[in-house]
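1. I need the structure of the sequence given here:
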Amino acid sequence: MTLHAAKGLEFEIVYLPGWEEGLFPSQRSIIELALEGLEEERRIAYVGITRAKRQLYISFAERRRMYHEYINSRPSRFIAEIPRSVAIHTTPGAINMPSFSKPVVKNTSPLYEKAPEPYKAGAVVLHPKFGKGVIIAKNNDCLEIAFAEYGIKTIKQNYVKLS
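-> You can find the predicted model right below:
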């Protein structure tokens, strides 16, 4: 089903694959239609996201075969616009949006507060070779970082610094 056809419908679980720059938003929207095209695609993204009642899965490919050749992909700019408070990164190239209900209130007593984790999903970091990137997941001291020109890389935390 297309996102256009999904208007007005709701589903318990929704899967939205192919959220890559050049695919969604499309290359035509980025180049030819500029801001108007991007805004229209952003509205279509919103339609897709809001079709989910309970769970939403958004995915993108790090590498895709197009026109008989393999190309490296970058995650869609629309993924970065999703509030990190509702996103859970479960696997590379996938984002699980568990619920759109009100956030759970957590105990904010100073006795129970942990020191904030600076290297967490959504943080911007700098790498000497790859440049600026956004952390999309953390596993112990390894970070999965999305770089604009190099795609997603797994790098040890001590090889990057916060931007």
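
2. From now on I want contacts and neighbour counts done on CA atoms only, so please keep to that.
-> Fine.

3. following the lowest-mean-pLDDT helix or strand in the chain, which helix or strand comes up?
-> The helix or strand of the chain with the poorest confidence is strand 94-97; it has a mean of 52 (mean pLDDT, DSSP states H and E). Next along the chain after strand 94-97, taking DSSP states H and E as the criterion, comes strand 124-127.

4. what's downstream of that following strand, the next helix or strand?
-> Using DSSP H and E, the first helix or strand after strand 124-127 is strand 131-139.

5. Show me the contact partners of the longest helix along the chain.
-> For the chain, the longest helix by residue count, based on DSSP state H, is helix 34-49. By Cα atoms under 8 Å, 6 or more residues apart in numbering, the list of residues contacting helix 34-49 from outside reads L3, H4, A6, K7, V14, L16, F24, P25, S29, I30, L56, F78.

6. The same query, at a cut-off of 6 Å, please.
-> L3, P25, S29 (Cα atoms under 6 Å, 6 or more residues apart in numbering).

7. from the chain's centre, how far out does it sit?
-> 15 Å (Cα atoms, centre = their mean, to the nearest Å).

8. which of the residues in that helix are buried?
-> G37, L38, E41, R42, I44, A45, V47, G48, I49 (16 or more other Cα atoms under 10 Å).

9. Helix, strand or coil: sort out the residue nearest the centre of the chain for me.
-> Centroid-nearest residue in the chain: I79, 3.4 Å away (criterion: Cα atoms, centre = their mean). Using DSSP: H, G, I helix; E, B strand; the rest coil, the structure places I79 in helix.

10. Let me know the average pLDDT across the helix or strand that the longest helix of the chain is followed by.
-> Scanning forward in sequence from helix 34-49 by DSSP H and E, the next helix or strand is strand 52-59. Across strand 52-59, pLDDT averages out at 86.
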